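K.L.:
how does the following fold in three dimensions:
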Amino acid sequence: MTKYQSTKLFDGFSCCFRQWKAETTHCKFLHGYGVSFRVTFEGDLDHRNWVWDFGGMKRAKTQIEGMSPKAWMNYMFDHTVITAVDDPELDHFAELSKKGVIQLRVVEATGAEKFAEFIFHKLNKFVTKETNNRVKIVQVEFMEHGKNSAIYSE
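P.N.:
Down below sits the predicted model:
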């Protein structure tokens, strides 16, 4: 059976993170990026001959963590500080969040590769449910500005 692919770039996000295990590089320090991610959808065409309705994130009935997909993307990546669950300074970040200084988001691990994987799994679960298994995510490319990116696929 023929499968089609389409891609969508989600951009305009600003977030800050650090990779605390990168002890020998400057990546161990808290730093920020304008981030974006390109999602590749794959599946059969719908009645409009589309794999994925690019505006579908706004009109979706399925939610991610109780939010529309677009709201979830903003919640995670727009003007946030993202830290790993095992960051030894997590308590300090939590205190800053409690004081209203930062919007803290805690994930399994930080970095472009892990963000690509994280987004892949969140969006794939959403897309397969929203399309009754007609469409799946096959790749996510996470970009830390125009020069660096990492790709996750299964």
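K.L.:
from now on I want contacts and neighbour counts done on CA atoms only, so please keep to that.
P.N.:
OK.
K.L.:
the most centrally placed residue in the chain: what's it in contact with?
P.N.:
Relative to the mean C-alpha position of the chain, the nearest C-alpha, by Cα atoms, centre = their mean, is the one of residue 119, at 3.6 Å. Contacts here follow Cα atoms under 8 Å, 6 or more residues apart in numbering; on that basis residue 119 touches residue 140.
K.L.:
what residues of the helix of greatest length in the chain count as buried?
P.N.:
Secondary structure of the chain per DSSP state H: the longest helix is helix 112-130. Judged by neighbour count using 16 or more other Cα atoms under 10 Å, the buried positions of helix 112-130 are 112-120, 123-130.
K.L.:
for this structure, what helix or strand is lowest in average pLDDT?
P.N.:
With mean pLDDT, DSSP states H and E as the measure, the helix or strand of the chain carrying the lowest mean pLDDT is helix 56-59 (a mean of 83).
K.L.:
wait, residue 6 touches residue 51, no?
P.N.:
Yes - distance between residue 6 and residue 51: 6.5 Å, which falls inside the contact criterion (Cα atoms under 8 Å).
K.L.:
anything in contact with each of those two?
P.N.:
Common neighbours of residue 6 and residue 51 are listed as 41, 42 (criterion: Cα under 8 Å, 6+ apart).
K.L.:
quick one, which of these two is more surrounded?
P.N.:
Set side by side, residue 6 and residue 51 show unequal neighbour counts under other Cα atoms under 10 Å, the larger going to residue 51 at 22 against 15.
K.L.:
and that one, what does it touch?
P.N.:
Counting by Cα under 8 Å, 6+ apart, residue 51 has contacts 4, 5, 6, 41, 42, 43, 44, 45, 135.
K.L.:
where along this structure do the strands fall?
P.N.:
Secondary structure of the chain, counting by DSSP state E: strands at 4-17, 31-43, 80-84, 104-107, 135-144, 149-153.
K.L.:
let me have those in a markdown table, extended by mean pLDDT and distance to residue 94.
P.N.:
Listed next are those as a markdown table, based on pLDDT from 0 to 100; distance: least, Cα to Cα, whole Å:
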| stretch | mean pLDDT | distance to residue 94 |
| --- | --- | --- |
| strand 4-17 | 96 | 14 |
| strand 31-43 | 96 | 17 |
| strand 80-84 | 98 | 10 |
| strand 104-107 | 98 | 7 |
| strand 135-144 | 97 | 24 |
| strand 149-153 | 98 | 28 |
